[in-house]
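In: need a structure here:
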Amino acid sequence: MQPNNTKAQKLILILKGIAMGIANKIPGVSGGIVALAAGFYEELIYSFSRFDKTALSFFLKRDFKAFYKHINGSFLTLLFGGVIISFFSVSLILDRFIQIYPQQVWGLFFGMIIASVLFIWIEVKKYSMFEYLLTLVGVSFGLTVAFLTPGQENQNLLFVFFCGMISISGMILPGLSGSFIILVLGNYKLLLIDSVNALYYSLKEILLFDFSFLENEARMSLLVIMSTFTLGSITGLLVFSKALKWMLKRYPQKVTAVLIGFIIGSLGVTWPWKRTVDDSGEIIKTGTQELFLPNLSELENIYVIIFILLGFGIVTLLEIYGKRKTTK
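Out: Next up, the predicted model:
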């Protein structure tokens, strides 16, 4: 792989990292799609594969220069520098928009997810009966996750670690959104908004030599969660990603069939029109979520539909651009 020597190349790679970070943060959009579209997917997979026994040997010998070179460190540093920048900035924006315009945000996500499913399906050349069966299994699993355990936040550190392992998949597999799976598991706001914001504010206060956050129990709890999530992501990168790559290499269409079914079954999680009701059906602030069809005579619902179409259009443009890059 060629090093990124010029300042322009370095800046472009940071910008690509920012785009990839934004994609990984948004349910339904895979960072792998951005990597493919922007022309650095092959180098990304190559760099990930360099975290092997040789890299571990260099690290244990404290030969950090050889370790950095072996893992293609210059590329990863610039790329993930951009990812980190986007994670902090986008999380603050998303947090604000979800509070003020929840239906529009979920509408955008819903449109993105529908488009992602459609394009993954188009890539499948021919379905066998067994693969249709696997899709139904995926749908069943998605429905189970989405409706039997709907969006319940879970701060258990073992579960947070597992979410971290899952989240890294969106960087490795084009079309599979790690953030969407976290959304389905109920920890999207906790892990990708609240915890990221807690880290951002803590770092900002440290730069101002303000360490009062150390006495803030809620902040420290979020920082522990963020650390556990990060550790899970690194573990997933080193272990789980290789297993996924192996499965895709040997059984690409079967894995895709299950993923398509899972995403279809889980669409209810991002359905923009939902309300929280109690056992009698009365709308309350906390309780079981109920999906409902919108009244299209209301202008607010028209706006939500526009955002669904916008989300669909964004993913469509990414896919078209990505295919043009791969055909050149």
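
In: how about residue 167, what does it touch?
Out: The neighbours of residue 167, taking CB atoms under 8 Å, 6 or more residues apart in numbering as the test, are 24, 178, 179, 181, 182, 191, 229, 232, 233, 236. C-beta: built from backbone N, CA, C; applies to glycine.

In: Of these, just the buried ones, ChimeraX syntax please.
Out: Only the buried members of the contacts of residue 167 end up in this ChimeraX selection, burial being decided by 16 or more other CB atoms under 10 Å:
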select :24,178,179,181,182,191,229,232,233,236
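
In: Put together TSV for the contacts of residue 167, with secondary structure and pLDDT on each row.
Out: Below are the contacts of residue 167 laid out as TSV (DSSP: H, G, I helix; E, B strand; the rest coil; pLDDT from 0 to 100):
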residue	secondary structure	pLDDT
24	helix	76
178	helix	78
179	helix	79
181	helix	78
182	helix	83
191	helix	89
229	helix	94
232	helix	92
233	helix	88
236	helix	84
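
In: can you redo the contacts of residue 167 as JSON lines with distance to residue 108?
Out: Formatted as JSON lines, these follow (distance: CB to CB, whole Å):
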{"residue": "24", "distance to residue 108": "16"}
{"residue": "178", "distance to residue 108": "18"}
{"residue": "179", "distance to residue 108": "13"}
{"residue": "181", "distance to residue 108": "18"}
{"residue": "182", "distance to residue 108": "17"}
{"residue": "191", "distance to residue 108": "20"}
{"residue": "229", "distance to residue 108": "24"}
{"residue": "232", "distance to residue 108": "27"}
{"residue": "233", "distance to residue 108": "25"}
{"residue": "236", "distance to residue 108": "27"}
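
In: Residue 261: how many residues sit nearby?
Out: 24 (other CB atoms under 10 Å).

In: With adjacent residues omitted, what lies nearest to it?
Out: Using CB to CB, 6 or more residues apart in numbering and skipping residues adjacent in sequence, the residue nearest residue 261 is residue 138, 2.3 Å away.

In: And that neighbour, how close does it get to residue 229?
Out: 25 Å (CB to CB, to the nearest Å).

In: was I right about the residue nearest to residue 261 contacting residue 258?
Out: Yes - here residue 138 lies in contact with residue 258, judged by CB atoms under 8 Å, at a distance of 4.3 Å.

In: List the contacts of the residue nearest to residue 261.
Out: 257, 258, 259, 260, 261, 262, 263, 264, 265.

In: Mark which of these are part of helices, please.
Out: 257, 258, 259, 260, 261, 262, 263, 264, 265 (DSSP state H).

In: Save the residues you listed as JSON lines, and put in pLDDT too.
Out: Shown next, in JSON lines, are these (pLDDT from 0 to 100):
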{"residue": "257", "pLDDT": "85"}
{"residue": "258", "pLDDT": "84"}
{"residue": "259", "pLDDT": "76"}
{"residue": "260", "pLDDT": "81"}
{"residue": "261", "pLDDT": "84"}
{"residue": "262", "pLDDT": "78"}
{"residue": "263", "pLDDT": "76"}
{"residue": "264", "pLDDT": "82"}
{"residue": "265", "pLDDT": "81"}
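
In: ok now do the residue lying closest to residue 80 once chain neighbours are set aside, which residues does it touch?
Out: Distances taken as CB to CB, 6+ apart place residue 17 nearest to residue 80, at 6.1 Å, with adjacent residues excluded. Residues counted as contacts of residue 17 (CB under 8 Å, 6+ apart) are 78, 79, 80, 81, 82, 83, 84, 85, 86.

In: Tell me where the stretch 51-200 of the chain has helices.
Out: 53-60, 64-70, 73-100, 102-123, 129-143, 157-167, 169-172, 178-184, 188-189, 195-207 (DSSP state H, counting those that start in this stretch).

In: what's next to the helix or strand residue 248 falls within, contact-wise?
Out: Residue 248 is part of helix 241-250, with elements assigned from DSSP states H and E. In this structure, residues lying in contact with helix 241-250 by CB under 8 Å, 6+ apart are 45, 48, 49, 168, 169, 172, 173, 255.

In: try 6 Å this time
Out: 172, 255 (CB atoms under 6 Å, 6 or more residues apart in numbering).

In: just how off-centre is it within its chain?
Out: Mean-position distance between helix 241-250 and its chain equals 19 Å (CA atoms, centre = their mean, to the nearest Å).

In: what angle do that helix and helix 157-167 make?
Out: 40 degrees (axes from the mean of the first three to the mean of the last three CA atoms, to 10 degrees).

In: Just the CA coordinates for helix 241-250, please, in CSV.
Out: Extracted C-alpha coordinates of helix 241-250, given in CSV (Å, rounded to 0.1, in the frame of the first residue of the first chain):
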residue,chain,number,x,y,z
SER,A,241,-14.3,-9.3,11.9
LYS,A,242,-12.0,-12.2,10.7
ALA,A,243,-14.8,-14.7,11.4
LEU,A,244,-17.3,-12.5,9.4
LYS,A,245,-14.8,-12.2,6.5
TRP,A,246,-14.3,-16.0,6.5
MET,A,247,-18.1,-16.6,6.5
LEU,A,248,-18.6,-14.1,3.6
LYS,A,249,-15.8,-15.7,1.6
ARG,A,250,-17.2,-19.2,1.9
